[in-house]
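Participant: pasting the structure only:
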Ligand code: C5P
């Protein structure tokens, strides 16, 4: 098949995936956990660029590039490239991908998953070859349980092992502050440390939250079931949550995913100031802020 690929670079923000609530509802016979989660994709993320090149190349840049483990060929971005070419039945011309890693690695906000999903979408645009929704979903799932949800970076409810997706509620205009103590947490270890796996599903999710206070009231009736096990494996998470709770501008805080990143929700006008004051108090933590949606 001959391809008319783009001649200029395509660039996209690979947004962080934040689990506003995460209930573990069971476990499959293959060991994967069933969950029910409300996720949001704030305007905070890695940057991915794809452009024509003489040979295929992945450039890693940004503050967390050196934390990406293992040989480059194991990077999810390159796995997304080879998976895309195989499923699309095309031979990709050589491309240079530049991943600017701004999100901490293994931190519960789906950085690697979002990088992979964003690469798949960029490749569709770059090659003009669009996969069917089913093929794209299967390809994303083959790269990781959290990759499908990252294909649609907007509020969603995810269930199954993370692969069953439904549109989420309309979120209010508000700010989010993400805080990570710069300690990596192993997702399988956190899941293994769970004491209860048959928890209840999320309470009925409204179609729309009119205000931050409505959203926080709802989230207060939910949990992140991985937070307790993660805090016991990584006590720094408790310090991060305490710092968020101490700031009176933060109206709600919780850990995302399997940690260690935690989030605080606040009025959009306070988000930058909260980020600044937390950074002054904790210069070694990673802190970022932006609009929730
Ligand atoms: O699929 P992914 O690579 O993101 O998952 C990492 C690990 O997290 C899995 O190997 C599994 O141990 C655990 N996991 C799980 N249930 C899920 C998602 C992940 O037990 N729904």
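Facilitator: All right, it came through fine. Keep in mind the model is a prediction, meaning the values are calculated, not measured.

Participant: got the residues of the stretch 151-293 of the chain near the ligand?
Facilitator: Contact residues (CB under 6 Å from any ligand atom) of the stretch 151-293 of the chain with the ligand: 161, 162, 187, 188, 191. For the C-beta atoms, the positions are set from N, CA and C on the backbone; glycine is no exception.

Participant: ok, the second one touching residue 140?
Facilitator: No. Taking CB atoms under 8 Å as the contact criterion, residue 162 and residue 140 are not neighbours in contact, 10.4 Å apart.

Participant: common neighbours of those two, please.
Facilitator: Residues touching both residue 162 and residue 140 (CB atoms under 8 Å, 6 or more residues apart in numbering): residue 148.

Participant: what about residue 89, neighbour count?
Facilitator: Number of residues near residue 89 (other CB atoms under 10 Å) recorded here: 8.

Participant: torsion angles phi and psi at the closest residue in space to residue 123 that isn't next to it in sequence?
Facilitator: Distances taken as CB to CB, 6 or more residues apart in numbering put residue 84 closest to residue 123, at 4.7 Å, once the chain neighbours are dropped. Here is the backbone geometry of residue 84 (degrees, to the nearest 10): phi -60, psi -50.

Participant: wait, residue 84 sits on residue 136?
Facilitator: No. The pair residue 84 / residue 136 is not scored as a contact, 9.0 Å apart, by CB under 8 Å.

Participant: those two: which is more packed in?
Facilitator: residue 84 (24 against 20).

Participant: low-confidence ranges, the protein, go.
Facilitator: 1-2, 70-71 (pLDDT under 70).

Participant: care to break this structure down by domain?
Facilitator: 10-167, 175-291 (automatic domain parsing).

Participant: in a markdown table, list the ones you listed along with distance to residue 4.
Facilitator: Shown next, in a markdown table, are the domains of the chain (distance: least, CB to CB, whole Å):
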| stretch | distance to residue 4 |
| --- | --- |
| domain 10-167 | 6 |
| domain 175-291 | 36 |
